[in-house]
Each structure stands twice: as structure tokens, then as C-alpha cells.
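**Student:** coordinates for the following, if possible.
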Amino acid sequence: MKNIIKGAIIFTISIASFTSVLAQGPDEYWIGLEEYAVHTEGELAGMTTWRMYLHMLDVNDFLSACTGITENPWILESTSTPAWYQHPSASEVFATAINPAFFTAFPNLEFDSWFTIGAENSYSDIEILALPDPTYDAFTAFEAGENVYANTQIGNAWVTLYPGLGASSPGFAGNDLKVLMAQITTSGTLSGSFYVQIFPWGIQDPDVRLLLPVLYAPTQCMDLEACNYDDSAWMNDECEYGPSAGVIVGDENVDLQGTITEWSYSCDEGAENYLWTADGGTIISGQGTSSILVEWSGTSTTGSVSVIASNSGNCEGQASVMNVDILLGIEQINHDLGVSIFPNPASSEISLSFTSELIRPNYVCKIFSSTGSKVQEFTISTKTTSIDVSGYSNGTYILLVQTQNGIVRESFIVAKQD
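**Tutor:** As a prediction, this is how the structure comes out:
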């Protein structure tokens with residue numbers, strides 16, 4: 001099934017020495033390797049199939065030839081032996097000779113190593129011609145799975161005829177601004193260089209000839225918050241983010257004077273792993289899953305539960321957080337921390353008075369019922385504050401004030417006359 005076209009060519013392409021240029025970047029021509037398939041089973045286990053692209057600058061840029069000669073060598077090397085995979089019975093030098101209809105009979109033929117100009121199989125309408133050097137045939141070495149070092153005086157090349165501006169050919173850069181040059185399946189690390197001839201904007205004269213290194217294309221993600229951020233990228237086309245943990249469901253108000261000692265918190269499922277944190281409490285069970293049990297310590301009146309979800313690639317998403325109010329119990333309240341409530345009991349309104357040393361603007365106050373439910377939250381900014389409690393039910397209530405000196409706690413009773 002070998003199909004290397006040999007012989008005379010209608011036109012002449014010069015592969016003489018020009019000034020060499022090594023380039024990579026959003027405003028330069030460059031050759032990049034992109035991962036096509038990672039193999040974990042069968043004959044190809046441990047190998048990766050890479051696709052090599054020439055990145056262009058304009059949709060009408062056309063790749064005319066890939067060459068190698070003394071001054072501008074074509075080098076393609078891998079650290080593995082053999083250097084790359086060639087199908088034992090159906091391998092082809094060029095993608096234009098690969099017929100996908102044979103993939104059923106020869107599944108690994110899809111991952112054969114080959115060269116091309118734009119085409120990835122025989123369905124593309126393009127003819128690619130091989131120009132081997134009789135003193136060193138780079139194509140024969142490539143098909144044998146050997147490293148290629150084409151630096152002879154005559155040179156090696158593969159070329160295609162220019163179809164003219166406006167024609168439909170995979171040799172044009174197109175909207176994605178890149179042209180496929182090769183597919184290589186190997187277990188090693190690839191390196192090398194190619195001397196390419198480009199018709200910029202579809203113009204044949206003057207052309208552009210560059211010696212370009214083979215590079216592993218950077219992941220195009222500039223977002224520091226993404227899991228695959230790459231500081232060499234210049235676009236955000238490939239950013240990956242972790243999954244959302246979802247909304248945390250559980251008790252926002254915890255009453256430690258009750259009989260319950262463990263509280264359950266859960267979030268929406270869908271991720272591979274969940275990393276929980278309980279600030280002010282201890283996670284009893286469930287770490288790593290979508291549901292946990294927490295035992296609150298009772299050393300603070302506030303706490304929080306947070307969770308970060310991650311996928312199978314350990315890519316983490318944004319944290320979900322639930323704040324928790326902890327009622328420590330009436331018997332633990334200290335009545336001597338600088339706040340007084342009058343009248344007590346009250347029926348419709350209470351007056352809160354603070355010492356001048358204590359009060360600061362915008363302190364947060366919370367009032368809880370004796371069952372641990374938060375009934376009101378407000379801020380204070382004056383030494384004396386009046387609170388309407390006419391809507392409260394009869395019973396005992398706890399006032400908590402978060403100050404710079406700690407938590408101030410005081411109890412009061414609402415007793416309405418019938």
C-alpha cells in the first residue's frame with residue numbers, strides 16, 4: 001500500500017538556503033504539536049498520537065512545501081525506539097493514502113504516523129508529491145520508524161501544486177489559521193525542525209521560507225483561575241474549570257442546648273470529589289463525598305461550612321459556603337459584658353444600652369429564640385438603641401453582639417399581657 005510518488009514534477013521548487021527564522025507566538029508562523037489520542041490499551045498502550053500543525057497568520061496563507069537541506073535541515077526525532085509507530089501491514093507515508101474505510105479491519109491504522117499538507121485522509125482533494133534525495137531517503141527512514149535527519153545537499157521535500165486563490169484546498173490556513181503537517185504516534189518526546197514554504201495571503205511571489213522548530217503547542221488559557229492556565233498562552237480558547245459543588249443544604253442555625261449533637265450538610269452531586277471544611281466544628285464523617293456530618297464545638301457563636309468540588313482530573317471549582325449561627329445555650333450566657341436590656345420582661349419594645357468603651361459603629365446584633373432560631377439581625381451605631389419586639393411571641397430570647405472585644409451575650413423575656 002505504499003504510495004510515494006516519484007519522478008519529474010511540472011514545476012520547480014527551490015529549497016536553497018534562505019535566512020533561517022525560529023519563531024513562536026500569536027503574530028508569527030510556528031509549528032506546534034497537539035495531543036490527538038492517548039493510548040492505554042493494546043499494542044499502542046503507553047503511546048500518544050500527536051498532530052503537527054503549521055500555525056499561520058491569514059486565512060489565505062498556503063503551505064506549499066515542507067523540506068530539508070544542508071543549511072536548513074528537516075529533523076524529526078523521538079526519544080523512544082522505534083521512534084514512532086508505523087502500522088505493520090497498512091502504513092502509508094502520506095495521509096492522502098489513508099482510507100478510513102480500512103479502520104474496521106485495521107483499527108490502529110487510524111493512528112499510523114504520516115506526513116501531509118492539510119489532509120487527514122484520502123477523502124481530501126489534494127495531491128502530495130514526495131521528493132526524496134537518492135543519497136538519503138528521509139521517507140524510507142520515517143516509514144522504518146527511524147529518526148529523520150535530512151541535511152543533504154540535494155534535500156528531501158514533500159510538496160503540493162498551488163490551486164490558486166479561492167480554490168478549496170486543505171493547504172490554505174482557513175478560519176482556524178493552521179495547516180496539518182503530520183501525525184506521529186510515539187511513546188517518546190518529539191523534537192526537530194522543518195523548512196517550510198508559505199504563500200502569504202495566497203501570493204506566490206514573493207513567498208516566505210522559514211526554518212521552524214517543532215514545539216509542543218501551549219494550552220491556550222490565560223486565565224489564572226482556570227485549572228490549565230499556561231503562562232505562554234495568548235488566547236483563552238481551551239480554558240478548563242472545575243465543577244460547581246452546588247448549593248449547600250443544612251441547618252443555618254444550630255442550638256447546642258438541644259439534644260442533637262450532629263448536623264448534616266449536603267450539596268448537589270455531579271463531581272468526583274468534595275473537599276469540606278467546617279470552621280468552628282469537626283467533620284465526623286463524609287469527607288470526600290457530597291454529604292457530611294458536623295459536630296459544632298460551642299466555642300464560638302458563628303461558624304461556616306464550605307466545600308470545593310473537583311472532577312476526575314483533580315480540577316477544582318469555586319467554593320460554596322454556608323454561614324452558621326451557633327446558639328450556645330442560656331446557661332452559658334454572661335450578663336456582665338457591658339450591655340443592658342430594659343425593660344425586661346418587655347411587651348412591645350426594648351432599649352439596649354452599651355458602655356461607651358464597648359460601642360463602635362456598625363456592630364452586628366442577632367436575636368435568637370430559645371429554640372435556636374434567628375428572629376432578627378441588625379447593626380448598631382449608637383450607645384442606646386430601641387428594638388421593636390411587638391411581633392415576638394412570648395418567651396426567652398438571646399441577644400448576641402459581635403464586638404471588637406468578643407461576643408456580648410444577654411437574655412431578655414417577652415411577656416405580653418392578654
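**Student:** any weak-confidence spans in the protein?
**Tutor:** The chain contains residues with pLDDT under 70 at 1-27, 257-260, 298-299, 328-338, 355-361, 371-373, 402-407, 418.
**Student:** quick one: the helices in it, in order.
**Tutor:** Secondary structure of the chain (DSSP state H): helices located at 138-143.
**Student:** domains in it, by residue range?
**Tutor:** The chain resolves into domains spanning 30-216, 219-328, 330-414 when parsed by automatic domain parsing.
**Student:** reformat the ones you listed as CSV; add mean neighbour count.
**Tutor:** Glycine gets a C-beta too; all of them are placed from N, C-alpha and C. Output for those, formatted as CSV (neighbours: other C-beta atoms under 10 Å):
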stretch, mean neighbour count
domain 30-216, 19
domain 219-328, 16
domain 330-414, 15
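**Student:** ok, the closest residue to Leu63 other than its chain neighbours to Leu212 distance?
**Tutor:** Counting by C-beta to C-beta, 6 or more residues apart in numbering, Leu63 lies nearest to Val179, which is 4.5 Å off, once chain neighbours are set aside. Val179 is 12 Å from Leu212, where distance means C-beta to C-beta, to the nearest Å.
**Student:** for the nearest residue to Ser300 once chain neighbours are set aside, give its distance to Ser304.
**Tutor:** Nearest in space to Ser300, with sequence neighbours left out and distances taken as C-beta to C-beta, 6+ apart, is Gly280 at 5.0 Å. Separation of Gly280 from Ser304 (C-beta to C-beta): 7 Å.
**Student:** next: Ala157.
**Tutor:** In terms of C-beta to C-beta, Ala157 sits 66 Å off from Ser304.
**Student:** shouldn't Ser124 be in contact with Asn99?
**Tutor:** No: counting by C-beta atoms under 8 Å, Ser124 does not reach Asn99; the two are 11.6 Å apart.
**Student:** thinking again about what came up before, next, show the common contact partners of Val179 and Leu212.
**Tutor:** Listed as contacting both Val179 and Leu212 by C-beta atoms under 8 Å, 6 or more residues apart in numbering are Leu54.
**Student:** residue contacts, His39?
**Tutor:** Counting by C-beta under 8 Å, 6+ apart, His39 has contacts Ala45, Gly46, Met47, Thr48, Thr49, Phe111, Thr185.
**Student:** mind listing what the first one touches?
**Tutor:** Taking C-beta under 8 Å, 6+ apart as the definition of contact, the neighbours of Ala45 are His39.
**Student:** where along the stretch 301-418 of the chain do the strands fall?
**Tutor:** 302-310, 320-327, 339-342, 349-354, 363-369, 374-380, 384-388, 395-403, 406-414 (DSSP state E, counting those that start in this stretch).
**Student:** with distance to Ala65 added, can I get these in TSV?
**Tutor:** Shown next, in TSV, are the strands of the stretch 301-418 of the chain (distance: least, C-beta to C-beta, whole Å):
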stretch	distance to Ala65
strand 302-310	47
strand 320-327	56
strand 339-342	86
strand 349-354	85
strand 363-369	73
strand 374-380	74
strand 384-388	84
strand 395-403	74
strand 406-414	78
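**Student:** nearest to Ile69, out of those strands?
**Tutor:** strand 302-310 (50.7 Å; C-beta to C-beta).
**Student:** that closest one packs against which elements?
**Tutor:** In this structure, strand 302-310 makes packing contacts with strand 273-279, strand 291-296, strand 320-327, judged by 3 or more C-beta pairs under 8 Å, 6 or more residues apart in numbering; DSSP states H and E.
**Student:** that strand: how far from the chain's middle?
**Tutor:** 22 Å (C-alpha atoms, centre = their mean, to the nearest Å).
**Student:** ok, stretch 88-107 next?
**Tutor:** Taking C-alpha atoms, centre = their mean, one finds stretch 88-107 lying 34 Å from the centre of the chain it belongs to.
**Student:** now the end-to-end length of that stretch.
**Tutor:** Using C-alpha to C-alpha, to the nearest Å, one end of stretch 88-107 lies 12 Å from the other.
**Student:** for Phe368, give its distance to Val375.
**Tutor:** Relative to Val375, Phe368 is positioned 7 Å away (C-beta to C-beta).
**Student:** quick check: neighbours shared by these two?
**Tutor:** Common neighbours of Phe368 and Val375 (criterion: C-beta under 8 Å, 6+ apart): Tyr397.
**Student:** about what we covered before: need the helices and strands packed on strand 302-310 in TSV with distance to Met235, can you?
**Tutor:** Output for the helices and strands packed on strand 302-310, formatted as TSV (distance: least, C-beta to C-beta, whole Å):
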stretch	distance to Met235
strand 273-279	30
strand 291-296	39
strand 320-327	30
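**Student:** isn't the residue nearest to Leu63 up against Phe172?
**Tutor:** Yes: look at Val179 against Phe172 with C-beta under 8 Å: they come within range, at 7.5 Å.
**Student:** middle-most residue in this structure, spatially?
**Tutor:** The centroid of the chain falls nearest to Glu240 when counting by C-alpha atoms, centre = their mean (2.3 Å).
**Student:** these two touch, right, it and Glu225?
**Tutor:** No: using C-beta under 8 Å, Glu240 makes no contact with Glu225, being 10.8 Å away.
**Student:** re the thing from before, which of the strands of the stretch 301-418 of the chain sits closest to Glu143?
**Tutor:** strand 302-310 (43.9 Å).
**Student:** tell me what Leu190 is bridged to.
**Tutor:** For Leu190, the beta-bridge partners are Ser78 (DSSP bridges).
**Student:** thought it was touching Leu76?
**Tutor:** Yes: contact between Leu190 and Leu76 holds when scored by C-beta under 8 Å: they sit 7.2 Å apart.
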